[in-house]
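Engineer: below are the sequence and a predicted model for it; my questions follow.
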Amino acid sequence: MTSLSISKITARRFIMGKQGLWPGRRFTGVEGTATAIREMDALQLDPLIVIARSQDIMMYGRVLDYRPEYLHQAAYEQRGFFDYGGTLFLYPMSELPYWRLHMQRRAEQERWKSFAAENPATMKEVLEALRVNGPMGNKDFKGNKKLVNSYRGGKDTSVALYALWMAGEVMIHHREGFNRVYDLTERVAPPEFNYAATAQDAEDFFARKSVSFLGIMKEKRWRTVFSNYIQRKLDIKEADARIAALYEQDVIVPINIEGSKDRWIALKSDLPLLEELDAGRVPGTWQPLGPSTQDEVTFVAPLEIVSARGRAKEVFDFEYIWEVYKPVEKRRWGYYVLPILYGDDLVGRLDPKLDRKTMTLEIKGFWLEDDAPVDNPAFADALGRGLARFADFVDAKKVNIDAIAPQKLRSHIQKFLSRH
């Protein structure tokens, strides 16, 4: 096997570009939102709405003039996607047959198996209520609070709904706010996707998806990611055999990244993209519909796969920890800090908050990296344009940038906001 050697910049651009985040927004409307999520492989969901929900900030960075209702339409009205998992993600509905294996193995885990065995009447009650009444949420069940000690719900019926969802017997029909409204799977999933793939086909699918979602990944990490998808542990011998088979079948290729001693892997089907990027060209299908990230900064969502969970350090040499769950006294930056993407680099971070009484977007904190082009007028213009677009995205009527320093930079970007 011949390894492809690429620069760190090429790896970074590929990871962002394959996720649709670079070199600019290349999708538009509801259909563009659906296309973007399919290219991303999955979209992590989170209920917090300090400024906007993380998933909507993710889509704002990919879809020109994105609105949150696009996501609802693509997922719950067009049935293009389904949300699932303890760590909640939105997946293409076409993947449901493969996820049946994951769901089956989840149902066989001791905690859910035990709950079902100990509460058969509740499980039956919930299923029958859905069958008779159609879509229902937790609030529609009276339930029994005394029988439950679970962070997944405060009533036995709530935990039953969650267990049935984990097992794939019910799905999320839609959401009200962020509250789940469930229905029987056969009434949510389109008939063409309402079946279970074989275990072999499902595991083969997830072997590939483990790489596709991350774009490029360390070979030694593949075993952990794949095990989580298929809900069973692999010993090193089996993992090595599976990796060898993926090479043999031309599914993956080895990658050497400049400055890294690790062996990396990518899908062989992505080689043309990697080679084009390494030659200094932007793939034709990646051309933005609006301004590029060089023309206008993008604010990166807290759960963005390119930078979350320590990946910012690996990909950008940028330190980022989402501090929302940290005690106030332990926070270094702020509650809902977002990295700032300029061109192909993370150059700083800001802590935004929306005052919904006055609809004022307040930048509570602002920090630039040491190598940020703070004195470059082009950067100031890009930051001003990015803030103006973000203000429009969250429907802000005013923007308070008093925390932005230095003053020269603040004064420069104010001209973009004064038009807002």
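Structural biologist: Okay, I see it.
Engineer: and the host helix or strand of Thr35, which residues are buried?
Structural biologist: If you go by DSSP states H and E, Thr35 is part of helix 29-40. Within helix 29-40, the residues scored as buried using 16 or more other C-beta atoms under 10 Å are Gly29, Val30, Gly32, Thr33, Ala34, Thr35, Ala36, Ile37, Arg38, Glu39, Met40. (C-beta placed from N, C-alpha, C; glycine too.)
Engineer: following that helix, which helix or strand shows up next?
Structural biologist: Following helix 29-40 toward the C-terminus (DSSP H and E): strand 43-44.
Engineer: what helices or strands is the helix or strand of the chain with the lowest mean pLDDT leaning on?
Structural biologist: Counting by mean pLDDT, DSSP states H and E, the chain has its least confident helix or strand at helix 110-118, which shows a mean of 90. Helix 110-118 sits against helix 96-107, helix 156-167, with contacts defined as 3 or more C-beta pairs under 8 Å, 6 or more residues apart in numbering; DSSP states H and E.
Engineer: quick one, which of the ones you listed is packed in tightest?
Structural biologist: Burial of the helices and strands packed on helix 110-118 is given as mean neighbour count (mean count of other C-beta atoms under 10 Å); helix 156-167 ranks first at a mean of 24.
Engineer: which element is the residue lying farthest from the centre of the chain on?
Structural biologist: In the chain, the residue that sits farthest from the middle, by C-alpha atoms, centre = their mean, is Ala121; the gap is 36.7 Å. For Ala121, the element it lies in under DSSP H and E is helix 120-133.
Engineer: so which bits of that helix are buried?
Structural biologist: Here helix 120-133 shows Thr122, Met123, Glu125, Val126, Leu127, Ala129, Leu130 as buried, counting by 16+ other C-beta under 10 Å.
Engineer: pull the residues that contact the helix holding Thr35.
Structural biologist: 18-20, 27, 43, 59, 62-64, 66, 70-71, 73-74, 78, 80-81, 90, 92, 213, 305 (C-beta atoms under 8 Å, 6 or more residues apart in numbering).
Engineer: correct me if wrong: Gly168 contacts Arg105.
Structural biologist: No - with contacts counted by C-beta atoms under 8 Å, Gly168 stays clear of Arg105, the gap being 10.6 Å.
Engineer: you'd agree Ser54 is up against Ala301?
Structural biologist: Yes - contact criterion C-beta under 8 Å: Ser54 and Ala301 qualify, at 4.6 Å.
Engineer: residues touching the residue lying closest to Leu184 once chain neighbours are set aside, list them.
Structural biologist: Excluding its sequence neighbours, the residue lying closest to Leu184 (C-beta to C-beta, 6 or more residues apart in numbering) is Leu130, at 5.4 Å. The contact partners of Leu130, taken as C-beta under 8 Å, 6+ apart, are Met136, Val170, Tyr182, Asp183, Leu184.
Engineer: roughly how far does Leu130 sit from Gly386?
Structural biologist: Distance, Leu130 to Gly386, using C-beta to C-beta, to the nearest Å: 45 Å.
Engineer: Ser269 versus Asp250, what's the distance?
Structural biologist: Distance from Asp250 to Ser269, by C-beta to C-beta: 9 Å.
Engineer: how about Arg263?
Structural biologist: 19 Å.
Engineer: what's the answer for Asp402, then?
Structural biologist: 49 Å.
Engineer: between these two, which is the more surrounded one?
Structural biologist: Ser269 (13 against 10; other C-beta atoms under 10 Å).
Engineer: isn't there a helix covering the more buried one?
Structural biologist: Yes - assigned with DSSP: H, G, I helix; E, B strand; the rest coil, Ser269 falls within a helix.
Engineer: so what's it scoring on pLDDT?
Structural biologist: Per-residue pLDDT puts Ser269 at 97.
Engineer: begin at 8 from here
Structural biologist: Sure, I'll start numbering at 8, so the last one becomes Ser276.
Engineer: please compute how far the longest helix anywhere in the chain lies from its chain's middle.
Structural biologist: For the chain, the helix with the greatest residue count under DSSP state H is helix 384-400. Remark: helix 384-400 is offset 23 Å from the chain centroid, using C-alpha atoms, centre = their mean, to the nearest Å.
Engineer: and it, what does it pack against?
Structural biologist: strand 305-306, strand 345-349, strand 367-375, strand 405-407, helix 414-424.
Engineer: in that helix, what's buried?
Structural biologist: Those would be 386-398, 400, for helix 384-400 by 16+ other C-beta under 10 Å.
Engineer: what's the angle between it and helix 414-424?
Structural biologist: Helix 384-400 and helix 414-424 are oriented at 50 degrees to each other (axes from the mean of the first three to the mean of the last three C-alpha atoms, to 10 degrees).
Engineer: so for helix 384-400, what's the average pLDDT?
Structural biologist: Helix 384-400 comes out at a mean pLDDT of 97.
Engineer: what of stretch 408-427?
Structural biologist: According to the model, stretch 408-427 has a mean pLDDT of 90.
Engineer: same check, this time on stretch 29-44
Structural biologist: 98.
Engineer: report the distance from that stretch to the chain centre.
Structural biologist: Stretch 29-44 sits 14 Å away from the centroid of its parent chain (C-alpha atoms, centre = their mean).
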